[in-house]
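1. Need a 3D model of the sequence below.
(chains A, B, C, D, E and F)
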Number of protein chains: 6
Amino acid sequence: MRILVANVNTTQSMTDAIAAQARRAALPGTEIVGITPRFGADSCEGNFESYLAAIAVMDAVTKYDGEFDAVVQAGYGEHGREGLQELLDVPVVDITEAAAATAMYLGHKYSVVTTLDRTVPLIEDRLKLAGLDARCASVRASGMAVLELEADPQRAVEAIVAEAEWAVREDKAEVIVLGCGGMAELEERIRERCGVPVVDGVAAAVAAAESLVRLGLTTSKVRTFAKPRPKKVVGWPAPSLPEAAVQEAPIVEPAA
Amino acid sequence: MRILVANVNTTQSMTDAIAAQARRAALPGTEIVGITPRFGADSCEGNFESYLAAIAVMDAVTKYDGEFDAVVQAGYGEHGREGLQELLDVPVVDITEAAAATAMYLGHKYSVVTTLDRTVPLIEDRLKLAGLDARCASVRASGMAVLELEADPQRAVEAIVAEAEWAVREDKAEVIVLGCGGMAELEERIRERCGVPVVDGVAAAVAAAESLVRLGLTTSKVRTFAKPRPKKVVGWPAPSLPEAAVQEAPIVEPAA
Amino acid sequence: MRILVANVNTTQSMTDAIAAQARRAALPGTEIVGITPRFGADSCEGNFESYLAAIAVMDAVTKYDGEFDAVVQAGYGEHGREGLQELLDVPVVDITEAAAATAMYLGHKYSVVTTLDRTVPLIEDRLKLAGLDARCASVRASGMAVLELEADPQRAVEAIVAEAEWAVREDKAEVIVLGCGGMAELEERIRERCGVPVVDGVAAAVAAAESLVRLGLTTSKVRTFAKPRPKKVVGWPAPSLPEAAVQEAPIVEPAA
Amino acid sequence: MRILVANVNTTQSMTDAIAAQARRAALPGTEIVGITPRFGADSCEGNFESYLAAIAVMDAVTKYDGEFDAVVQAGYGEHGREGLQELLDVPVVDITEAAAATAMYLGHKYSVVTTLDRTVPLIEDRLKLAGLDARCASVRASGMAVLELEADPQRAVEAIVAEAEWAVREDKAEVIVLGCGGMAELEERIRERCGVPVVDGVAAAVAAAESLVRLGLTTSKVRTFAKPRPKKVVGWPAPSLPEAAVQEAPIVEPAA
Amino acid sequence: MRILVANVNTTQSMTDAIAAQARRAALPGTEIVGITPRFGADSCEGNFESYLAAIAVMDAVTKYDGEFDAVVQAGYGEHGREGLQELLDVPVVDITEAAAATAMYLGHKYSVVTTLDRTVPLIEDRLKLAGLDARCASVRASGMAVLELEADPQRAVEAIVAEAEWAVREDKAEVIVLGCGGMAELEERIRERCGVPVVDGVAAAVAAAESLVRLGLTTSKVRTFAKPRPKKVVGWPAPSLPEAAVQEAPIVEPAA
Amino acid sequence: MRILVANVNTTQSMTDAIAAQARRAALPGTEIVGITPRFGADSCEGNFESYLAAIAVMDAVTKYDGEFDAVVQAGYGEHGREGLQELLDVPVVDITEAAAATAMYLGHKYSVVTTLDRTVPLIEDRLKLAGLDARCASVRASGMAVLELEADPQRAVEAIVAEAEWAVREDKAEVIVLGCGGMAELEERIRERCGVPVVDGVAAAVAAAESLVRLGLTTSKVRTFAKPRPKKVVGWPAPSLPEAAVQEAPIVEPAA
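-> Numbers count the residues shown, from 1 in each chain, chains lettered A, B, ... in the order given. Prediction:
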């Protein structure tokens, strides 16, 4: 089977890392295709960027040239999963939700450790909407931005492990969910220091997607996720962007 | 003061109707500017269209050439309000939320009557996220599509009033919120037939926005709605679309 | 339009302060009438006093000699709003609820900072009943009694600002609601020190009441807030009190 | 031990009926003293009347000339229990809450059957505040007013039993709570027709009060129900009413 | 009346202590019969032991040779109450629930102080299932195992009182529920140090059971707690155990 | 990998059916071992039987002679999963929870269709404890007992499909969860008649268990599911039963 694993930002190296992680989790016969949106931010850390990613992921997935059996949306706490579910027949699995559902098999309460404080409410909101928040002990931020994780992995690991320890000790989490891009080292370190299982969202989502496909289950089309009704839509499919706009995308303050 | 009232679809006549409704509710000194997105669907009745609208509204509002004091997002149950709140300093009021908050001043429970059954979960989700669902007796659908409201107003009125009656009698609603575009006739008819106050979201949102402006209150910038961090964003500001693409936008089945 | 702003205690200077605050928030054409109950406690800091205030406010409002368009009940966390809603046709707005509903437009979570610890559960209960508690991060007490606010404003300001800071830092509040009588200085100081919007309940309630009146919305009369049924009521309208009883009201321990 | 059982309305025959019911439930050594408020409505069916009753019961109980060990507030869905708890050291038990807590020992879900539809939200609110609503299947109204129960008992019984049957069949109640004044016949009839236990609030509250007294438990005084602080209170203790005002209390429409 | 008070573990001295406590709380005419399970663990501190206790208590109660009017299940946070309710017609009262329901008459919020941290989630789960968790401020563990309470009472008292103080100061509990076996000294000490009422579960449950019996109330048999349907059951009634197995039960690590 | 799939009742033919269903869902390399408890009821339809099953499953699983990688507890709405989690290191997946978690990937709301009305509260309670109830539209009973499903499959199918249709039409379920033993025919028929995905708990649980094993995730041992502490346990391991007791187990009314 083929699973599209869609990064929510435009950073190719993160797509590669996510896809590699997905492959480690996948069944032998599963082909993992990493998808990088054509537009959007180089990292998603808020609602503006996340809404842009929602559209960019729908764009990238519907433009994918080939068949596929499921989609994993690989952004933590991001918007958009419901839109993909309308557009597609195959299952769509969000890593925020897959990680939570998986953690709930393993302990009484789980905590999420993520990057910046400002993304905490996004994650809380997605878990609440998904109805997976009742056993969430806390969502904690390490204070490290997404791209800093790559730039200074040692400090990142330390900051994240420290929050995981607090979650276990103070919030009574029994499982830690990694609410941020994959660092193989992280899982090992948290397990060692906290003695609890660590759930990586990408791995959890790939396994969930494979399960759905194998069980022949697809998104329900009777109501919420029915195909969009035929209507006049301007700007969709999304237009090409001039190559220059892509290559030279400046660092902008979007609303300046 | 000047308030931008943003339609979420590309149908100019609906922008006009919404703006007219906003003007009826506005204070004498308030200038209402109707905003129509440059792209998106001609009506929003699902997540795909709503996510597209989220971006299209952010695009239209940030491209507005002039000063303004507040924004009203005039779509019922739509995504996007959080993104606008990040991009702007001025208050942003969603009509779904303003209608609910207003209805709660008037009765013990309120019900929303909307268009198609498929939009009910979107509205329920937005009310849950907003923490305004505890006194919502029900969200009911009349079964009329957004554009049918314009095409066959008489039948639309009858269908909506019938649901309002059920909401009052069965669900014990004491206030009805109109979860759909404005028909002046509707409010009057429901009031007559059900004997309950009827809240129109656009009017409620304009009044709420004016109040926030007058009280000098603006969106909090300390965490969830802080300005997006400077970063590389491809495709933003959103590119121009060729005129042809706009004029001749075909009726498409988006994921066909 | 004319709005009655009802103080819940018998301290005239507080009525004056509340009315002044209301006037600062009101529209040019709005006449604010401060109402002081004929009986009750000189400050409300618990259920006994609050229940007494509920009746005293109903007494004062129904005895008001003149027309009016709305009532604001200006006590934080007090009983009684539902009774007024039954007796009157015009809108009734409670400042506890108006402040919460207003704060929810401005940030993801809000906190209330109030006076004594013993009033915290009253406020929590009113927010829960109103269905406005889902986004309340905390209700915090400064430890200053209502009348101490007047007596030692400097210390009061310091104590309240300190709690506001804790609310923002620890409870993740993004908006502060002032759950106590108006001190102009307070709003400014909290904004400066915490960098978040500050909502004053009286101002929020006046603006909400004005909005309801302008939109032609009144309390629903179909069920919960229907007029009381005609029946034999002893002691209502409430009897006159001998002048002496009013002038010389001793400081009593009510249940001693 | 002596328990004051406070009626919430001024109808002496109802006090007598309540006291008789209390005596049937009481332990041999328990003295039941029926208390009729000096003022208020002859039946409580809404917030105005209920708030008046809150004060009238506090007045009557604090003026009771003698010692007592506990107070039962015998009104279904009424305000005021928290005030009594502040004023007194002895336990205060509300029949709405005692009935719910008792029903929860007997079945998975319970329903309340009460009088008029307009009192349903009051009962729902009191159960929510008390944190006893999670296992409440429904609150149903028979449509009979409080005083009609006395006037046409046969019809009342039939209407109430019919609602109880619906509650068991449709709402899946396993226990019925009688949310209205005592008719011995009712319990027997519902038990026969529905095959479920029937809880009478007065009996449940008397038993709960006796238990608290026997176990030496009294209201906590550390925070919410601490004694009111000494302060200037006008009109308390409540003044005497001229005899004529009591005898000739007209049937009034309170806010006419 | 006769009440069976069932210990959930096999330690006879604890049955004796529980029965003594029950007798102190019981009415003069009530006969308390302490029941010790024939099998199970010598203390219950987790799910395995608690599930075993559920069956062992059902075994012991159904094998009791004589009539009885009610059963108290005297384990804090244990499984099994629902099974007893199916098997019996008489009321069954769980001490976890009786303590919570009793505490809720006395203060706005209560906290439970129990033994080991690992039992906290069991208690939380039972309170949630019982719908008695809304006013639970916290469940705190002293870190003392059940049998250590007997071995080193002085240290146990100190540890428990310390947690009770934290619950009152930090969690805003107004009542303390003792979630562990009875030590007369404890109640007194907590009351002294924290100034709040202390509820012992066994006493509360005995009083509740007596009340149900006196009011003629029994478990509803219409649905959840209907008698088990006749069917083939292997191993029930539970078989005798060889005396040796009982006398020499080794200290085992059950899943080693 | 090897997965033990534990039936909760003693009916071998049901174990066989469950194991066959598990094998259809399993990965090629997965060995499914059906486990039948040595004792307990021939079908589980209530708490008594379910508590007995909890112990019987723990007994059967811990006595299994061989290695295994995960356990699936294959009873709908049954007690016991937490006990297994304490005793074992490998993952334990309950079919009630796996089915719910799986359904939540596929639609906005799901409904469970089960056998007898009396088992509905057990399922509701398990979903509530698991924190998977927020998106459960309803739990509906077909009125067919477990063993009737085998005896009259045609009628069973019709009854279950009818409830599924109601769930989709009235309760707005978008996915149906089969809360009862497997009939291959059922899934197909419901899909045809209702047009929604149908989730079978056994298949969902096997897939979830395989995923956990592949991801190297095991039950957290830091708190709730830590190994039981070494202590004296009478009657465990559970004793052998005389062959006669097993073969000739009469149809008993357990508490007659």
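2. contacts and neighbour counts: CA atoms only from here.
-> OK.
3. in the stretch 51-200 of chain A, which spans are helices?
-> With DSSP state H, counting those that start in this stretch as the criterion, the stretch 51-200 of chain A has helices at A:81-87, A:95-103, A:120-129, A:146-151, A:153-169, A:184-194.
4. Please state the offset of the first one from the chain centre?
-> Taking the mean of its C-alpha atoms, helix A:81-87 sits 15 Å from the chain's own mean (C-alpha atoms, centre = their mean, to the nearest Å).
5. The longest one now?
-> The gap between the average C-alpha position of helix A:153-169 and the chain average comes to 20 Å, counting by C-alpha atoms, centre = their mean.
6. Now do the buried residues in that helix.
-> Within helix A:153-169, the residues scored as buried using 16 or more other C-alpha atoms under 10 Å in any protein chain shown are A:153, A:156-157, A:159-168.
7. Show residues contacting that helix.
-> For helix A:153-169, the surrounding residues in contact (C-alpha atoms under 8 Å, 6 or more residues apart in numbering or on different chains) are A:111, A:113-114, A:137-138, A:140-144, A:148-149, A:173-176, A:185-186, A:189-190, A:193-194.
8. so what are the domain limits for chain A?
-> A:2-95+A:204-247, A:97-201 (automatic domain parsing).
9. closest one to B:Asp125 among those?
-> Nearest to B:Asp125, of all the domains of chain A, is domain A:97-201, at 6.5 Å by C-alpha to C-alpha.
10. Count residues in the vicinity of the residue nearest to A:Leu215 when sequence neighbours are not counted, would you?
-> If the residues on either side of it in the chain are set aside, A:Leu215 comes closest to F:Ala25, at 6.4 Å by C-alpha to C-alpha, 6 or more residues apart in numbering or on different chains. By other C-alpha atoms under 10 Å in any protein chain shown, 21 other residues sit near F:Ala25.
11. just the one 10 residues further on next, same as before
-> The burial metric for F:Ile35, expressed as a neighbour count using other C-alpha under 10 Å, is 26.
12. Surely it and F:Asn7 touch.
-> Yes: with contact defined as C-alpha atoms under 8 Å, F:Ile35 counts as touching F:Asn7 (5.9 Å).
13. A:Lys221: what secondary structure?
-> Classification of A:Lys221 by DSSP: H, G, I helix; E, B strand; the rest coil places it in coil.
14. ok, so what distance separates whatever residue of chain A ends up closest to chain E from B:Phe68?
-> With C-alpha to the nearest C-alpha, the shortest gap between chain A and chain E falls at A:His108, namely 7.5 Å. Separation of A:His108 from B:Phe68 (C-alpha to C-alpha, to the nearest Å): 49 Å.
15. Settle it for me: which of these two has more neighbours?
-> Counted by other C-alpha under 10 Å, A:His108 and B:Phe68 do not tie: A:His108 has more neighbours, with 26 against 16.
16. Angles on the backbone of that one, please.
-> Taking degrees, to the nearest 10, you get phi -70, psi -40 for the backbone angles of A:His108.
17. just checking, it touches F:Ala226?
-> No: when contacts are counted by C-alpha under 8 Å, A:His108 is not listed as touching F:Ala226 (11.2 Å).
18. Tell me the bridge partners for the spatially most distant residue from the centre of chain A.
-> Distance from the C-alpha centroid of chain A peaks at A:Lys232, with 30.7 Å (C-alpha atoms, centre = their mean). Going by DSSP bridges, A:Lys232 is paired in beta bridges with B:Ile251.
19. What's the separation between it and chain C?
-> Plainly put, A:Lys232 is 33 Å away from chain C if you go by C-alpha to the nearest C-alpha, to the nearest Å.
20. Likewise for A:Arg140?
-> For A:Arg140, the distance to chain C (C-alpha to the nearest C-alpha) stands at 12 Å.
21. Could the C-alpha coordinates of stretch A:84-99 be exported in CSV?
-> Provided in CSV are the C-alpha atoms of stretch A:84-99 (Å, rounded to 0.1, in the frame of the first residue of the first chain):
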residue,chain,number,x,y,z
LEU,A,84,-8.8,16.4,3.4
GLN,A,85,-11.4,14.0,4.6
GLU,A,86,-14.0,15.7,2.4
LEU,A,87,-11.8,15.7,-0.6
LEU,A,88,-10.6,12.1,-0.4
ASP,A,89,-12.2,8.7,0.0
VAL,A,90,-9.1,7.1,1.6
PRO,A,91,-8.5,7.4,5.3
VAL,A,92,-6.8,10.6,6.6
VAL,A,93,-4.9,10.4,9.9
ASP,A,94,-3.7,13.4,11.8
ILE,A,95,-0.6,12.8,13.9
THR,A,96,-1.9,14.8,16.9
GLU,A,97,-4.9,12.5,17.1
ALA,A,98,-3.1,9.2,16.3
ALA,A,99,-0.5,10.0,19.0
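22. Any residues of the stretch 51-200 of chain A in contact with chain C? List them.
-> Contacts of the stretch 51-200 of chain A with chain C, taken as C-alpha under 8 Å from any C-alpha of the partner chain, map to A:Pro121.
23. list residues touching both of F:Ile35 and F:Asn7?
-> By C-alpha under 8 Å, 6+ apart, F:Ile35 and F:Asn7 have these common neighbours: F:Thr15.
24. Mind checking which of the contacts of helix A:153-169 are buried?
-> When the contacts of helix A:153-169 are checked for burial by 16+ other C-alpha under 10 Å, the buried set is A:111, A:113-114, A:137-138, A:140-144, A:149, A:173-176, A:186, A:189-190, A:194.
25. lowest-pLDDT helix or strand in chain A?
-> strand A:251-252 (a mean of 64; mean pLDDT, DSSP states H and E).
26. Let me see the ranges of the strands in chain A.
-> Per DSSP state E, chain A carries strands over the ranges A:2-7, A:31-35, A:40-41, A:70-74, A:92-94, A:110-114, A:136-141, A:175-179, A:198-200, A:231-234, A:251-252.
27. what's the neighbour count on the residue of the stretch 101-250 of chain A found nearest chain C?
-> Nearest residue of the stretch 101-250 of chain A to chain C: A:Pro121, at 7.5 Å (C-alpha to the nearest C-alpha). Per other C-alpha under 10 Å, the neighbour tally for A:Pro121 reads 19.
28. can you give me how far stretch A:109-125 is from the chain middle?
-> Chain-centre distance of stretch A:109-125: 12 Å, with C-alpha atoms, centre = their mean.
29. For the residue lying closest to A:Phe48 once chain neighbours are set aside, give its distance to B:Thr224.
-> Spatial nearest neighbour of A:Phe48, excluding adjacent residues (C-alpha to C-alpha, 6+ apart): B:Gly83 at 4.3 Å. From B:Gly83 over to B:Thr224 the distance is 10 Å, taken as C-alpha to C-alpha.
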